[in-house]
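> what follows is a predicted protein model with its sequence.
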Amino acid sequence: MRDYKKLDVWKKAHELNMFIKKDIAIRFPKEERFELTSQLTRAVLSIPLNIVEGYRRLPIKILPIF
C-alpha cells in the first residue's frame, strides 16, 4: 500500500506546519490574528497537502518500495 507519510519531504513539511501553528503564529499580535496569521497558516498547510495530492497521482509502478 502506498503511504505518503513515509516520505521524508512530507514529514519535514508536516513538522514545519506544526511548528508554525504552535510556535510562530501564536506570537503575532492580536490584530494580525485574522489577517497575517491566517494567511501564514494556510500557506504552510498547503505544502504537505500538495505533496499528498501529487503522491496519490503517481502510478504505483514508479514508486519506490518501502
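Sure thing, it's come through.

> tell me the centre residue of this protein?
Centroid-nearest residue in the chain: Pro48, 2.8 Å away (criterion: CA atoms, centre = their mean).

> look up the closest residue to that one, ignoring the ones flanking it.
The spatial neighbour of Pro48 that comes closest, neighbours along the chain excluded (CB to CB, 6 or more residues apart in numbering), is Ala13 at 4.1 Å. In short, each C-beta sits where N, CA and C put it, glycine included.

> any idea of the pLDDT on that neighbour?
On the pLDDT scale, Ala13 is placed at 95.

> so which helix or strand takes in it?
Assigned by DSSP states H and E, Ala13 belongs to helix 8-19.

> ok so, going back, what is the neighbour count of the residue nearest to Pro48?
20 (other CB atoms under 10 Å).

> what distance do you get for it to Thr41?
For Ala13, the distance to Thr41 (CB to CB, to the nearest Å) stands at 13 Å.

> quick one: mean pLDDT over stretch 40-51.
Stretch 40-51 comes out with an average pLDDT of 94.

> mind exporting the C-alpha coordinates of it to PDB?
Presented in PDB, the C-alpha positions along stretch 40-51 are these (Å, rounded to 0.1, in the frame of the first residue of the first chain):
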ATOM      1  CA  LEU A  40       0.700  32.100   7.000                       C
ATOM      2  CA  THR A  41      -1.100  29.000   8.400                       C
ATOM      3  CA  ARG A  42      -2.900  28.400   5.200                       C
ATOM      4  CA  ALA A  43       0.300  28.700   3.200                       C
ATOM      5  CA  VAL A  44       2.200  26.400   5.300                       C
ATOM      6  CA  LEU A  45      -0.600  23.800   5.400                       C
ATOM      7  CA  SER A  46      -0.700  23.800   1.600                       C
ATOM      8  CA  ILE A  47       2.800  22.300   1.400                       C
ATOM      9  CA  PRO A  48       2.100  18.900   2.900                       C
ATOM     10  CA  LEU A  49      -1.400  18.800   1.200                       C
ATOM     11  CA  ASN A  50       0.200  19.400  -2.200                       C
ATOM     12  CA  ILE A  51       2.700  16.600  -1.500                       C
END
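
> I appreciate the help and will end here.
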